[in-house]
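Sequence below, structure please.
(chains A and B)
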Number of protein chains: 2
Amino acid sequence: MKNYHMSPDEFRKQGKQMIDWIADYYENLEKYPVLSQVKPGEIKNQLPVTAPANSESIEQIMADVNSIIMPGITHWQSPNFFAYFPSNSSGPSVLGDLLSSGLGVQGMLWATSPSCTELETRVLDWLAEMLQLPERFKSSSAGGAVIQDTASSAALSAVLAAREKKTNYQTNDTGNLGNLVAYVSSQTHSSLEKAVKIAGIGKNNLRLIEVDENLAMRADLLEAAIQKDLQAGLIPFFVCATVGSTSTNAMDPLTEIGRICQTHQLWMHIDAAMSGTAAICPEHRHFLNGIELADSFSFNPHKWMFTNFDCNCFFVADRSALIKTLSILPEYLKNQATESGAVCDYRDWHIQLGRRFRSLKLWFVIRHYGVNGLRYHIQEHIRLAQQFAGWILSSNDFALAAPAPLNLVCFAHKNGNDFNRKLLETINNSGKMYFTHTIIDGKYILRMCFGQTNTTEEHVRQAWETIQETAKKLT
Amino acid sequence: MKNYHMSPDEFRKQGKQMIDWIADYYENLEKYPVLSQVKPGEIKNQLPVTAPANSESIEQIMADVNSIIMPGITHWQSPNFFAYFPSNSSGPSVLGDLLSSGLGVQGMLWATSPSCTELETRVLDWLAEMLQLPERFKSSSAGGAVIQDTASSAALSAVLAAREKKTNYQTNDTGNLGNLVAYVSSQTHSSLEKAVKIAGIGKNNLRLIEVDENLAMRADLLEAAIQKDLQAGLIPFFVCATVGSTSTNAMDPLTEIGRICQTHQLWMHIDAAMSGTAAICPEHRHFLNGIELADSFSFNPHKWMFTNFDCNCFFVADRSALIKTLSILPEYLKNQATESGAVCDYRDWHIQLGRRFRSLKLWFVIRHYGVNGLRYHIQEHIRLAQQFAGWILSSNDFALAAPAPLNLVCFAHKNGNDFNRKLLETINNSGKMYFTHTIIDGKYILRMCFGQTNTTEEHVRQAWETIQETAKKLT
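Prediction:
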């Protein structure tokens, strides 16, 4: 029979060459400009406008990867990547992900690969313990956890479960009636606004609570806003508290917010997308104090726990609320195992039906590093950040722009917004390193986030020199 | 410095062993029971309840993969997998996905890896041409396309864009007001009901239009339902037409539905999750006739185009509607390239913010096979299905239960529901092959879907023998 498939032998050969290519890439990462220097359209214009009619070799494809694709890569795995939040990775994670791709299972139901479901449950219970989460977030309780793609999807799931729980699971039937109100701070991640829009709640029913001098949500203003809405006949239903805001790593007061949520029976979601990982270190666990009052919690091992994108862990205290909200069971998905009630079908825990075997990479990472190894590297990133913050503090030209509780340092040169913007763009366009900005109270602020897998003290020293030298040149 | 990271050399060694493991797996796939035979809890109970404190070797992890994980795998890549819709894969796809994991880029913005955005745009334009989609779905027009994870997410995006376009982009602000109505058929995929619930529209505002004897949506009943809703003061806004329903591969009348949508200015979404792939064969392109009237279209190369999960392609005729619906731009994501307006930031095209470099695997697949190679294998799957349908037709004990236009055959034994259920469960529990069921008009129907990468005529002959022999034994 004619056959265009790649044979196992050919896969063996090409796969090993790809592994070598990736290992070479890791060895040479620092030679690339961190931020891609191409112009819009430059990559696309080098790619044929039509698909090839006939088969091309992997060698041809890899030649194009080298000549066309690579110049258009911004190197998230470079040790000189300090932008946004990191999306760090590691050898064991890539191996686990490769195994997942190779097995090619689709874990929508327990039956469609019991290991996909059960390994996920077990590894998430491991994480609950590593983070010292309350028992209610473990699978042995009424709660549990699931791997989602991103914190955005987790936040949407939380908003939806909160919406349904508040309305006795009626909104799924009736549609939203325009009287539900959600609360976040002015510093909460944009994905919450997006979730509120998607869920049909409407941005007008999202209150942006003001923050204190540390950019943390003011619990007194939250309480006041809830009171005002209640008096107006509206129905408060959801609050998102943030552990480590994207802009500046601000920490909302979980316990105070949690008590308010309990009083008014609001769903409390905690978004700890990057900073949640710090809680595996006992000395940083205090940032999660108050989580015992939360209904849901999410953090991303794909940001700061050496697990390649995508991997968000979403914990809920009442899994039945989530499942009742998102469950759909058409005939063609029914099966003996599901009907027995003895198994968990994760497709009822998120927006999508189909799902990858993502727990493999997380399992590989946790076992390769061990909890102690993970702690060591997280502590090292925090040490580097604190050292950098110290340099800023002792500088005459730069000043800290916000508290730096963990691995993100926000700072600015004294010469004002235009100067800082120019400083950032000049450095990023040099390709030497990549960092990004935010705006606080109208001030253009530089952000350095320390979380790339291979960043060492030497890279941070070099970054600080680059920043100082470039500032001098621009002065 | 102490360091728990895997070195590039160690990655080289372990990666090649993993490639060998996967190649061995491919060579031995037929030796495994297709449907995992484990009991609930059997996998989880073998995994330690606590994460390891200290590092473990990849060899230890792989020993557990072999002894604990593998028995709990349902082998989607087995040539004897005929269940659900396939989730097929191929060597070049796994290589492309491995490259994506190795690069570890997060393509939320053009700037965070221009190649991730521009390769995606180009490859989706290739697909638009391969499927003979209207020009309006190409990036050179007012439309365009994006890779999403699943057809569920694409359907939700379509519902949201439709909701906003119909309400002048006000619902994002006001919340849904309870008067929007969506239309699907009784055979439409459950993800549409889920999307309507998520979007705050409510199931009560979702009309399930009845189907004809071929299980296709009746356009006359759609028109009647719209008229009734209009008379009741409601606002029809969205119709989903299906090309290849999950239950039986039924084909909705696109042109008639499209004309109704145009008359009433409703958003027409086409869900062709599996069967869309058939349209790359000129002789099957007619199933998409009428798509020139659609506002959006989605299909999954991760189902039937040798691209490993996840990979959904979502096309829209008016990208501005989608972007206006889903765009969020906080300060910390602003950058020169975005502000120039010259680039496309795909994070505005879907629910999530972060995104994998998924176009790599699709690019690898299309180039490895070439359009002709892809066509050949799709045609071969359809041939195998039609041959199987012929055997059913000429059988005394079995009868077709629905038309089989492409690669899905629905059939039943004459002995009734209980017998068919027992037949299915007996065969699946034998591990020899895996297929699933649906219910049509109260009848328990067996489904055989022919789309696994390595399924050959020999596997199909063997499957038919197994079905016949088991039926005889159970009679």
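
from the stretch 151-300 of chain A, which residue is nearest to chain B?
Using Cβ to the nearest Cβ, the closest approach of the stretch 151-300 of chain A to chain B is made by residue A:200 at 1.7 Å. All C-beta atoms are positioned from the backbone trio N, CA, C, and that covers glycine.

need the contact list for that residue.
A:175-176, B:163, B:171, B:175-176, B:199-201 (Cβ atoms under 8 Å, 6 or more residues apart in numbering or on different chains).

separation between residue A:122 and residue B:45?
9 Å (Cβ to Cβ, to the nearest Å).

Mind checking which of the two has more residues around it?
Between residue A:122 and residue B:45, residue A:122 has the larger neighbour count (other Cβ atoms under 10 Å in any protein chain shown), namely 20 against 12.

list the helices and strands whatever helix or strand that one lives in packs on?
Under the criterion of DSSP states H and E, residue A:122 resides in helix A:114-130. Packed against helix A:114-130 by the contact rule (3 or more Cβ pairs under 8 Å, 6 or more residues apart in numbering or on different chains; DSSP states H and E) you find strand A:144-148, strand A:312-316, helix A:359-393.

Quick check: which of the ones you listed is nearest to residue A:221?
Residue A:221 lies closest to strand A:312-316 among the helices and strands packed on helix A:114-130, at 27.1 Å (Cβ to Cβ).

List the buried residues for the helix or strand just after the closest one?
Once the chain leaves strand A:312-316, the next helix or strand it forms, by DSSP H and E, is helix A:319-326. Residues of helix A:319-326 classed as buried under the neighbour-count rule (16 or more other Cβ atoms under 10 Å in any protein chain shown) are A:319, A:321-323, A:325-326.

Columns distance to residue A:157 and pLDDT on top of those residues, output as JSON lines?
Converted to JSON lines, those look like this (distance: Cβ to Cβ, whole Å; pLDDT from 0 to 100):
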{"residue": "A:319", "distance to residue A:157": "11", "pLDDT": "95"}
{"residue": "A:321", "distance to residue A:157": "10", "pLDDT": "96"}
{"residue": "A:322", "distance to residue A:157": "7", "pLDDT": "96"}
{"residue": "A:323", "distance to residue A:157": "11", "pLDDT": "95"}
{"residue": "A:325", "distance to residue A:157": "8", "pLDDT": "96"}
{"residue": "A:326", "distance to residue A:157": "7", "pLDDT": "96"}
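
Let me know the closest of the residues you listed to chain B.
With Cβ to the nearest Cβ as the yardstick, the closest approach to chain B among these comes from residue A:326, at 7.0 Å.

what's around the residue of the stretch 351-475 of chain A found nearest chain B, how many residues?
Going by Cβ to the nearest Cβ, chain B is nearest to residue A:373 of the stretch 351-475 of chain A, at 3.5 Å. Neighbours of residue A:373 under the rule other Cβ under 10 Å: 22.

okay, now the residue lying closest to it once chain neighbours are set aside: neighbour count?
Spatially, and ignoring its direct neighbours in sequence, residue A:373 is nearest to residue B:4 (3.5 Å; Cβ to Cβ, 6 or more residues apart in numbering or on different chains). Residue B:4: 18 surrounding residues under other Cβ under 10 Å.

quick one: stretch A:134-142 near chain B?
No: judged by Cβ under 8 Å from any Cβ of the partner chain, stretch A:134-142 stays clear of chain B, getting no closer than 8.6 Å.

Can you check the distance spanned by that stretch, start to finish?
12 Å (Cα to Cα, to the nearest Å).

ok, now stretch A:399-410?
End-to-end for stretch A:399-410, by Cα to Cα: 9 Å.

per-residue confidence averaged over it?
In this model, stretch A:399-410 has a mean pLDDT of 98.

domain assignment for chain A?
The record's domain parsing of chain A by automatic domain parsing lists A:22-57+A:70-89+A:376-475, A:105-356.

Now render these as TSV, adding distance to residue B:382.
Shown next, in TSV, are the domains of chain A (distance: least, Cβ to Cβ, whole Å):
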stretch	distance to residue B:382
domain A:22-57+A:70-89+A:376-475	20
domain A:105-356	21
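
now the helix holding residue A:122 and strand A:312-316, what's the angle there?
Interaxial angle of helix A:114-130 relative to strand A:312-316 (axes from the mean of the first three to the mean of the last three Cα atoms, to 10 degrees): 80 degrees.

relative to strand A:144-148, how tilted is helix A:114-130?
110 degrees.

what does the stretch 251-400 of chain A put close to chain B?
So the stretch 251-400 of chain A meets chain B at A:302, A:306, A:308-310, A:326, A:328-337, A:340, A:342-343, A:351-354, A:356, A:360, A:363-364, A:366-374, A:376-377 (Cβ under 8 Å from any Cβ).

just so I have it, where are all the strands in chain A?
In chain A, the strands defined using DSSP state E lie at A:144-148, A:180-185, A:206-209, A:235-242, A:267-271, A:296-299, A:312-316, A:398-400, A:408-413, A:436-440, A:443-449.

Among these, which comes closest to residue B:291?
Nearest to residue B:291, of these and by Cβ to Cβ, is strand A:144-148 at 31.8 Å.

other SSEs contacting that closest one?
Using 3+ Cβ pairs under 8 Å, 6+ apart: strand A:144-148 touches helix A:114-130, strand A:312-316.

Take the first one, keep the C-alpha atoms, and write them as CSV.
These are the backbone C-alpha positions of helix A:114-130, laid out as CSV (Å, rounded to 0.1, in the frame of the first residue of the first chain):
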residue,chain,number,x,y,z
PRO,A,114,-7.4,6.4,33.1
SER,A,115,-3.8,7.4,33.7
CYS,A,116,-4.4,10.8,32.3
THR,A,117,-7.0,11.5,34.9
GLU,A,118,-5.5,9.7,37.9
LEU,A,119,-1.9,11.0,37.5
GLU,A,120,-3.4,14.5,37.2
THR,A,121,-5.4,14.1,40.4
ARG,A,122,-2.4,12.6,42.3
VAL,A,123,0.1,15.3,41.1
LEU,A,124,-2.3,18.1,42.0
ASP,A,125,-2.7,16.6,45.5
TRP,A,126,1.1,16.7,45.7
LEU,A,127,1.1,20.3,44.8
ALA,A,128,-1.7,21.1,47.4
GLU,A,129,0.6,19.6,50.0
MET,A,130,3.7,21.4,48.6
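
can I assume residue A:314 is in contact with residue A:146?
Yes: Residue A:314 lies in contact with residue A:146 (Cβ atoms under 8 Å); the separation is 5.4 Å.

residues contacting residue A:427?
A:433, A:435, A:466-467, A:470.

Tabulate those residues in JSON lines, adding columns for pLDDT.
Conversion of the contacts of residue A:427 to JSON lines gives the following (pLDDT from 0 to 100):
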{"residue": "A:433", "pLDDT": "98"}
{"residue": "A:435", "pLDDT": "98"}
{"residue": "A:466", "pLDDT": "98"}
{"residue": "A:467", "pLDDT": "98"}
{"residue": "A:470", "pLDDT": "98"}
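
By neighbours, which of those residues wins?
residue A:467 (26 neighbours).

Which residue, other than its chain neighbours, is closest to that one?
Using Cβ to Cβ, 6+ apart, the closest residue to residue A:467 is residue A:427 (6.7 Å).
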